[in-house]
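Enquirer: Quick one, structure for this:
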Amino acid sequence: QFALVVSGGGSVQPGGSLKLSCSASGGPKLDDTSIGWFRQAPGKEREAVSCVSSPGGSIRYANSVKGRFSITTDTAKNAVYLQMNNLQPEDTGTYYCMMGYNPWLCPSDPKNVVGTWGPGTQVTVSS
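Expert: Here you go, the predicted model:
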């Protein structure tokens, strides 16, 4: 049965790092999908963080995370990772992995996602 399995959230101090992992077990291959991450802060709407579209591997980042976050994929493991460096309090939120069934599309609006969401993982950045 298809599911997105997510791990890697936690609590860090400002300036710290975390790495999120999302593996697509029993589902479409990464080459046939777009895959990425959204996040939702308390009291705010879910927003796109980063995404990889296929084929070609085009990558998108939210302006707020450019230069600090890095998204990578491992097609052998059918997994996507989000390395988050220099985390700041405004990065706090619940992070969601998204696998989109249109490989060419990385939606910036979560309402436009046609695909599968993974369970959220909490990231807390505070001193």
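
Enquirer: For the most centrally placed residue in the chain, list the residues it contacts.
Expert: Computing the C-alpha centroid of the chain and ranking residues by Cα atoms, centre = their mean puts W37 first, at 1.9 Å. Counting by Cβ atoms under 8 Å, 6 or more residues apart in numbering, W37 makes contact with 20, 22, 48-51, 71, 80, 82, 95-98. C-beta: built from backbone N, CA, C; applies to glycine.

Enquirer: do that again at 10 Å, thanks
Expert: W37 is in contact with 6, 20, 22, 48-52, 61-62, 65, 69, 71, 80-82, 84, 95-98, 118, 121, counting by Cβ atoms under 10 Å, 6 or more residues apart in numbering.

Enquirer: and it, that one's in a helix?
Expert: No: per DSSP: H, G, I helix; E, B strand; the rest coil, W37 lies outside any helix segment and is strand.

Enquirer: so who does the closest residue in space to G10 that isn't next to it in sequence touch?
Expert: Nearest non-adjacent residue to G10, counting by Cβ to Cβ, 6 or more residues apart in numbering: L18, 5.8 Å away. The contact partners of L18, taken as Cβ under 10 Å, 6+ apart, are 8-12, 82-85, 87, 91, 95, 121, 123-125.

Enquirer: Relative to G57, which of those residues is nearest.
Expert: Closest approach to G57 among the contacts of L18 (Cβ to Cβ): L82, at 15.3 Å.
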